[in-house]
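>>> Attaching a predicted model along with its sequence, questions to come.
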Amino acid sequence: MKKVIAINGSPRKSGNTTTLLQKALEGACSNEAQIEIIHLYDLSYKGCVSCFSCKQKNSKHLGICTMKDELTPILYKIMNCNTLILGSPIYFSDVTGEMRSFLERLLFMNLSYEKLSSDGRGGSNFKGRINTGFIFTMNVNQEQATFLRYNRIFEGLQSLQRLLNGKWEYMMSYDTYQFKDYSKYAVEIFDEAKKRKVREEQFPVDAQKAFEMGKRLSK
């Protein structure tokens, strides 16, 4: 049975990012895949400490992160799955700190400084194949995201495809609804009525896109 793992980089377990990840897992379930969601904010771990153990020649640790913390067994699970779906809100024009630290650990251990890819950059130590998808949620609308050059975040993470040897997709959910009652918060720059309309009309469309992503990647 195919294994599909979702990684939630949001601090909320019932927010926009988590909702879309769950929809992606529902899509994977339509292919009878075994699914699991992991919440990074539940774990105690650090980003890469540049110990280079994963790069030592003639070592059993080549291509393996040797750090020991609560992320260690998660990395092992991921390297033995078929599909990886990640989700993160955008904070200060990037993924969350927890997601960034996770990606450092996952990607650096798989990056080879000896095997070159077709573009001349480092190749991959990974011998398997994992399809990856990324779901980004953000408070800004699409026009603002374009102005802020958020595409550099999305395109930069295509290293997931290169290092994990599989298909790569990403989707964005813009202008997300953040509060049940906007009147309780100092957020006057946002039009609550407009955001509510996006929530009612666009977010269900985004949810369906997430479902289809999970279905495609888990085939």
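In hand now; what should we look at? Numbers count the residues shown, from 1 in each chain.
>>> switch to C-alpha atoms for all contacts and neighbour counts from now on
Will do.
>>> so how far does stretch 65-72 reach from one end to the other?
This stretch, stretch 65-72, spans 8 Å end to end (C-alpha to C-alpha, to the nearest Å).
>>> now swap in stretch 58-77 and tell me
This stretch, stretch 58-77, spans 24 Å end to end (C-alpha to C-alpha).
>>> What lies in contact with that stretch?
With C-alpha atoms under 8 Å, 6 or more residues apart in numbering as the test, stretch 58-77 has contacts from 43-45, 53-56, 102, 105-106, 109-112, 125-126.
>>> From those residues, keep the buried residues only.
45, 53-55, 102, 105-106, 109-112, 125-126 (16 or more other C-alpha atoms under 10 Å).
>>> nearest to I7, of the residues you listed?
Closest to I7 out of the buried ones among the contacts of stretch 58-77 is F102 (9.5 Å), distances taken as C-alpha to C-alpha.
>>> shouldn't that closest one be in contact with G47?
Yes. The pair F102 and G47 passes the contact test of C-alpha atoms under 8 Å, sitting 6.2 Å apart.
>>> quick revisit: okay if I get the buried ones among the contacts of stretch 58-77 as a markdown table plus secondary structure?
As requested, these are arranged in a markdown table below (DSSP: H, G, I helix; E, B strand; the rest coil):
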| residue | secondary structure |
| --- | --- |
| Y45 | coil |
| S53 | helix |
| C54 | helix |
| K55 | helix |
| F102 | helix |
| R105 | helix |
| L106 | helix |
| M109 | helix |
| N110 | helix |
| L111 | strand |
| S112 | strand |
| N125 | coil |
| F126 | coil |
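>>> Just the closest of those to K209, please.
Taking those together and measuring to K209 by C-alpha to C-alpha, the closest member is F102, at 24.8 Å.
>>> quick one, strands of this protein?
Along the chain, counting by DSSP state E, strands occupy 3-8, 34-39, 83-89, 111-116, 122-124, 130-137, 165-173.
>>> What pairs with the second one, parallel or antiparallel?
Spelled out, it's strand 34-39. strand 3-8 (parallel) (DSSP bridges).
>>> Could I get the contacting residues of the closest residue to T19 other than its chain neighbours?
Counting by C-alpha to C-alpha, 6 or more residues apart in numbering, A207 is the residue found nearest to T19 once chain neighbours are left out, at 7.7 Å. The neighbours of A207, taking C-alpha under 8 Å, 6+ apart as the test, are 19-20, 23-24.
>>> Which one (most neighbours) among those?
Neighbour counts for those were taken using other C-alpha atoms under 10 Å; the highest belongs to A24, with 29 neighbours.
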